[in-house]
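Enquirer: From the sequence below, what's the structure:
(one chain, ligands or ions: 1)
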Amino acid sequence: RECAEISLKDINQLASSSFPLCMRHLFGKLKEDHHLKHGGRMQLGLFLKGVGLKLEDALAFWRAEFSQKVGAERFDKEYAYSIRHNYGKEGKRTDYTPYSCQKIIMSTPSTGDHHGCPFRHFSEENLRAALNKMGVGGRAMDDIMDKVRNRHYQLACTLTFEATHAASCETGINHPNQYFVESRKIFQS
Ligand code: SF4
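Expert: This next block holds a predicted model:
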């Protein structure tokens, strides 16, 4: 699922065109709060690694946000390690893989957490608002909410992809990084 490198200057634009809802949400909260709890840092951090953000850019990205909240010094002391760790540069040097939809859907975010799958973990009201922000409405919205009610979260995400790309996604969505790759294929063609 690895794809070409992405650069930091394109990240805002890529987030609004090609990130799945789970990652849009984390990205938006990070920009808003300049902070994410551990579960969110892992879910978004590994996704960004998977879409091709290099370690140096990842450090710069997280540092720019976190330093506004906790200060650059504390970021370097307490948070930089775990980002290098995600890239296999610390500890056991495991190269951690981005989370699949299944793993994200099964996660159990608590209050103040922003990780998880919005199709599973948002209230109906919040989910509708988030989908609205992506430009989803009308019939597509009804179909998506129908899938959600039947607990077909990945199908709801697939329908969201189709509604926002005006294209079909025959394989269905099973991984946030796959969502990103499919989206880039459509927007770059
Ligand atoms: Fe993210 Fe997968 Fe949920 Fe879509 S179905 S929002 S890609 S976890």
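Enquirer: CA only for contacts and neighbour counts going forward, please
Expert: Fine.
Enquirer: How about the contacts made by the residue with the largest distance to the centre of the chain?
Expert: Ranked by distance from the centre of the chain (CA atoms, centre = their mean), the top residue is residue 73, with 26.5 Å. If you count contacts by CA atoms under 8 Å, 6 or more residues apart in numbering, residue 73 has them with residue 67.
Enquirer: Show me what the lowest-mean-pLDDT helix or strand in the chain packs onto, helices and strands only.
Expert: Taking mean pLDDT, DSSP states H and E as the measure, the chain has helix 80-86 as its least confident helix or strand, at a mean of 93. If contacts are counted by 3 or more CA pairs under 8 Å, 6 or more residues apart in numbering; DSSP states H and E, helix 80-86 sits against helix 38-51, helix 55-70.
Enquirer: Count the neighbours of residue 101 for me.
Expert: 21 (other CA atoms under 10 Å).
Enquirer: quick one: secondary structure of residue 136?
Expert: Three-state call for residue 136 (DSSP: H, G, I helix; E, B strand; the rest coil): coil.
Enquirer: Check it and give its pLDDT.
Expert: Listed pLDDT for residue 136 reads 98.
Enquirer: And for residue 95?
Expert: Residue 95 is given a pLDDT of 68.
Enquirer: Return the alpha-carbon coordinates of the helix or strand residue 131 falls within using PDB.
Expert: Applying DSSP states H and E as the criterion places residue 131 in helix 124-133. What follows is helix 124-133, C-alpha atoms only, in PDB (Å, rounded to 0.1, in the frame of the first residue of the first chain):
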ATOM      1  CA  GLU A 124     -25.800  10.000  14.100                       C
ATOM      2  CA  GLU A 125     -25.900  13.800  14.400                       C
ATOM      3  CA  ASN A 126     -22.100  14.200  14.400                       C
ATOM      4  CA  LEU A 127     -21.800  11.800  11.500                       C
ATOM      5  CA  ARG A 128     -24.300  13.600   9.400                       C
ATOM      6  CA  ALA A 129     -22.600  16.900  10.100                       C
ATOM      7  CA  ALA A 130     -19.200  15.400   9.200                       C
ATOM      8  CA  LEU A 131     -20.600  14.000   6.000                       C
ATOM      9  CA  ASN A 132     -22.200  17.300   5.100                       C
ATOM     10  CA  LYS A 133     -18.900  19.000   5.400                       C
END
